[in-house]
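Asks: Here's my sequence, what's the structure:
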Amino acid sequence: MSGWIKCCDRLPEVGTRVLAWSEQYGARESLYREHGKGSIAHAHGYPPYFSWEEPQSSWASSWKPTHWQPLPPPPTE
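Replies: Residues are numbered from 1 along each chain as shown. A predicted model of the protein is given here:
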């Protein structure tokens, strides 16, 4: 897996969109988020936690990637 970073070795910066991979779902664009103070989850009494979400749908419930890498730069033409 050239270019892939193990999540157990290092995580992306919070709020960063990356290409993430899990055995169950393969590669997907994902947003690494923190749900801390000021979040809806915190307002409902949940302790701070982190999640991997698909930016388009905010789907995160069972998405547990094992690897990630930065997104490639966008096309120039």
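Asks: Show me the shaky parts of the chain.
Replies: For the chain, applying pLDDT under 70 flags the ranges 1, 35-36, 38-39, 41-42, 47-49, 55-62.
Asks: now the helices for it?
Replies: Along the chain, counting by DSSP state H, helices occupy 40-43.
Asks: for Glu23, what are its contacts?
Replies: Counting by C-beta atoms under 8 Å, 6 or more residues apart in numbering, Glu23 touches Thr66. All C-beta spots, glycine's among them, are computed from the backbone N, C-alpha and C.
Asks: Repeat that for Trp68.
Replies: By C-beta under 8 Å, 6+ apart, the contact set of Trp68 is Trp4, Ile5, Cys7, Leu11, Pro12, Val18, Leu19, Ala20, Trp21, Ser30, Tyr32.
Asks: Filter those residues down to the buried ones and hand me the ChimeraX line.
Replies: Here is the ChimeraX command that selects only those of the contacts of Trp68 that count as buried (16 or more other C-beta atoms under 10 Å):
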select :5,7,11,12,18,19,20,21,30,32
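Asks: now, which of the contacts of Trp68 sits nearest Pro72?
Replies: For these, the closest approach to Pro72 (C-beta to C-beta) belongs to Leu19, at 8.1 Å.
Asks: what's the burial count for Trp52?
Replies: A count of nearby residues for Trp52, using other C-beta atoms under 10 Å, gives 21.
Asks: With adjacent residues omitted, what lies nearest to Leu11?
Replies: Closest residue in space to Leu11, ignoring its immediate chain neighbours: Tyr32 at 6.5 Å, by C-beta to C-beta, 6 or more residues apart in numbering.
Asks: Show me the beta-bridge partners of the one you found.
Replies: Note on Tyr32: beta-bridge partners by DSSP bridges are Trp52.
Asks: Roughly how far does it sit from Trp21?
Replies: Distance, Tyr32 to Trp21, using C-beta to C-beta, to the nearest Å: 13 Å.
Asks: again, but for Pro70
Replies: Distance, Pro70 to Trp21, by C-beta to C-beta: 13 Å.
Asks: Equivalent analysis for Tyr46, please.
Replies: Taken as C-beta to C-beta, the span from Tyr46 to Trp21 is 27 Å.
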